[in-house]
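Provided below are the primary sequence and the corresponding predicted coordinates.
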Amino acid sequence: EFSIVLVGHDENGSGNREFFSNWNANGNSTTSIFLGLTNGRLVRFSDQFRSTRPVGAKPFILTAVSGQEGVQLFLGRNLIGERNGGLSGRNLSTPYVIGTQGNFGREYQKGWLAELIVFDHGLVASERERLWSALEKKYPSLKTVAGVRSPGRPKRNAELLAWASLCHVLLNANETIFVD
């Protein structure tokens, strides 16, 4: 059981693209976990489960839950895919990567990632609601109820957004970054 929650954006809309993965060609391919996009903007939560509704081109909160209630995918607060029963056995012990599918050397995310939160249990409804409320407060221009961005902050250039995303992810991972 586990859950993955992210705040992100997709600029491409084609091919397989991963936000988060522990896929590894040396022994963890069919039992890996990854969360990304495929076939336009359908959500792909491992090779076993895909959403029935695509994410849009605007920033979004994406939540993937594998728990006792089964598998659920949410775009904002909206359920976009579910099934009874969890994923088959997963190997969670291999290294994780952000922005690509493991050591595959392809399937790079084309967009930005502002927040990535991983839980060691399937989030229940009350936990999801609290988390979504906190993310809405933290990112006030992101409206999760409708899954669209409301008017608000001015657009920032892509280079600044990429730099901010990298710094945020590194700082959340307790990594050190040195700037010349």
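It's in.

use CA for all of it now, contacts and neighbours both
OK.

Just say helix, strand or coil for Gly136.
Just so we're on the same page, residue 136 is Glu rather than Gly. When classified by DSSP: H, G, I helix; E, B strand; the rest coil, Glu136 comes out as helix.

For it, give its distance to Val7.
Distance, Glu136 to Val7, by Cα to Cα, to the nearest Å: 10 Å.

what bridges to the closest residue to Pro54 other than its chain neighbours?
Once flanking residues are discounted, Pro54 sits nearest to Leu42: 4.2 Å by Cα to Cα, 6 or more residues apart in numbering. For Leu42, the beta-bridge assignment (DSSP bridges) gives partners Thr38.

Leu42 - how many residues pack around it?
Leu42 has 20 neighbours, counted by other Cα atoms under 10 Å.

dump the residue contacts of it.
Listed by Cα atoms under 8 Å, 6 or more residues apart in numbering, the contact set of Leu42 reads 50-55.

out of those, which is most surrounded?
Busiest of the contacts of Leu42 [other Cα under 10 Å] is Val55, holding 25 neighbours.

Which of the contacts of Leu42 fall within strands?
Arg50 (DSSP state E).

pLDDT weak spots in the chain?
Applying pLDDT under 70 to the chain picks out residues 13, 143-157, 167-168, 170-180.

how about a cut-off of 50?
The model of the chain has pLDDT under 50 over residues 145-154, 180.

Which parts of it are helices?
Under the criterion DSSP state H, helices of the chain are mapped to 125-138, 158-172.

Adding distance to Gly102, write these out as JSON lines.
Converted to JSON lines, the helices of the chain look like this (distance: least, Cα to Cα, whole Å):
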{"stretch": "helix 125-138", "distance to Gly102": "27"}
{"stretch": "helix 158-172", "distance to Gly102": "17"}
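
what does stretch 100-120 contact?
Here stretch 100-120 has contacts from 1-12, 15-25, 34, 36, 96, 99, 161-162, 164-165, 168-169, using Cα under 8 Å, 6+ apart.

What about those, which are in strands?
In this view, those that belong to strands under DSSP E are 2-10, 17-21, 34, 36.

Which one (most neighbours) among those residues?
Counting by other Cα under 10 Å, top hit in the ones in strands among the contacts of stretch 100-120: Arg17 with 27 neighbours.

got the contact list for it?
Contacts for Arg17 were tallied using Cα under 8 Å, 6+ apart; they are 36-38, 99-101, 107-110.

roughly how far apart are it and Phe49?
Distance from Arg17 to Phe49, counting by Cα to Cα: 15 Å.

Just flag the most distant two among the ones in strands among the contacts of stretch 100-120.
For the ones in strands among the contacts of stretch 100-120, the maximum inter-member distance is 23.5 Å, found between Phe2 and Asp10 (Cα to Cα).
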